[in-house]
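>>> Need a 3D model of the following:
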Amino acid sequence: MWRWTEEGGVARRQRNPYAASVNDPHHPMRALAAAVVAAVFLLLPAMGGCAASRITDPSRTATEQFLMSQAATRAVEQLTFHGIAGRSAWLDTTHYVSSEPMYVIGEVRSRMLHYGVRLVDRREDADVIVELRSGGVGIDRDDYLFGIPAFLIPAGTTTGTPNTSLVTPELALFKRVDQKGVASVAYVAYRPDTGQFIASDGPKVGRSNRDDLWFFGFGPSTSGDIATTGKDETFTGRAGRAVPVPNFDFDDEKPPEPEPQRVPEAPGEPPR
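Model (predicted):
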């Protein structure tokens, strides 16, 4: 430490022999800093912190759901209802047993409405009964791997020690996971009083796919025609598109508006 003194009108800086230097190992500040650091290291094992976030997963992934729903959409969009257009119909789903039942039923109802079929809520009010059935809605998956697959190495057990095992990592030079959704839909329409056949269509089959590739551990490189591929432009469900249907409510048709009459031009006037 330094102090200022004045000798003969000249200020001089001299070392203060009574002030301890910070570099002195016996300096009180150095002792205090050492005590703080020691206390921190002693308290670190007793200190703890935690953060938890609850993550829930549905029973089926979005990819699985989109594969089946997209395949069902493409199957339903092939159905035609020309034979019952303009009639009141009740959709019978008693014999429909397959995956995605509510979605497929909703797609069929939308298709019927676009064809001019009037849906009713009660069987007694219907002129036609439409019985829906399906050959199946599901997913086929093919896995290809060139490399070393992951496998389980069981460990020995001892009394009082839980069974432990080791899973080796997968070493894939090339890997492919190909998933295909397939759906089949059909219907038959008949009279509710006599059971007489009116119309039918199907089975119609729709398909969807997603393909994931890995090269030397890098990937996946995804392609396909469902929303979870990250390419929204490929998600083209077309069952809900409008179908040109003739107007069956003839009372609602309006006569064409008459064309406006042009006033004849008088001689000598500029054209209007």
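>>> Where does pLDDT dip in the stretch 151-272 of the chain?
Applying pLDDT under 70 to the stretch 151-272 of the chain flags residues 155-164, 230-272.
>>> so where do the helices sit in the stretch 151-272 of the chain?
Counting by DSSP state H, counting those that start in this stretch, the stretch 151-272 of the chain forms no helices at all.
>>> Correction: the previous question concerned the stretch 1-150 of the chain.
Under DSSP H, counting those that start in this stretch, the stretch 1-150 of the chain gives helices at 28-43, 62-76, 101-114.
>>> which ones are touching the residue nearest to residue 177 when sequence neighbours are not counted?
Distances taken as CB to CB, 6 or more residues apart in numbering place residue 212 nearest to residue 177, at 4.5 Å, with adjacent residues excluded. C-beta coordinates here come from the backbone N, C-alpha and C atoms, glycine included. By CB atoms under 8 Å, 6 or more residues apart in numbering, the contact list for residue 212 reads 176-178, 219-222.
>>> From residue 57, how far off is the nearest residue to residue 229 once chain neighbours are set aside?
Using CB to CB, 6+ apart and skipping residues adjacent in sequence, the residue nearest residue 229 is residue 222, 5.0 Å away. Relative to residue 57, residue 222 is positioned 20 Å away (CB to CB, to the nearest Å).
>>> Same drill for the two, tell me which one is more crowded.
residue 222 (16 against 6; other CB atoms under 10 Å).
>>> Surely the more buried one is in contact with residue 210?
Yes - between residue 222 and residue 210 there is a contact at 6.8 Å, judged by CB atoms under 8 Å.
>>> So for these two, which residues contact both of them?
residue 229.
>>> Can you show me the CA trace of stretch 73-89 as PDB?
Below are the C-alpha coordinates for stretch 73-89, written out as PDB (Å, rounded to 0.1, in the frame of the first residue of the first chain):
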ATOM      1  CA  THR A  73     -60.300 -40.300 -47.400                       C
ATOM      2  CA  ARG A  74     -59.000 -41.600 -50.700                       C
ATOM      3  CA  ALA A  75     -61.200 -44.700 -50.500                       C
ATOM      4  CA  VAL A  76     -64.300 -42.700 -49.700                       C
ATOM      5  CA  GLU A  77     -63.600 -40.200 -52.500                       C
ATOM      6  CA  GLN A  78     -64.100 -43.000 -55.100                       C
ATOM      7  CA  LEU A  79     -67.600 -43.800 -53.900                       C
ATOM      8  CA  THR A  80     -70.500 -42.400 -56.000                       C
ATOM      9  CA  PHE A  81     -74.100 -41.900 -54.800                       C
ATOM     10  CA  HIS A  82     -75.900 -41.100 -58.100                       C
ATOM     11  CA  GLY A  83     -78.500 -43.900 -57.500                       C
ATOM     12  CA  ILE A  84     -79.800 -42.200 -54.400                       C
ATOM     13  CA  ALA A  85     -79.200 -38.500 -55.100                       C
ATOM     14  CA  GLY A  86     -82.100 -36.300 -54.100                       C
ATOM     15  CA  ARG A  87     -83.500 -38.900 -51.600                       C
ATOM     16  CA  SER A  88     -83.600 -38.900 -47.800                       C
ATOM     17  CA  ALA A  89     -81.300 -41.500 -46.500                       C
END
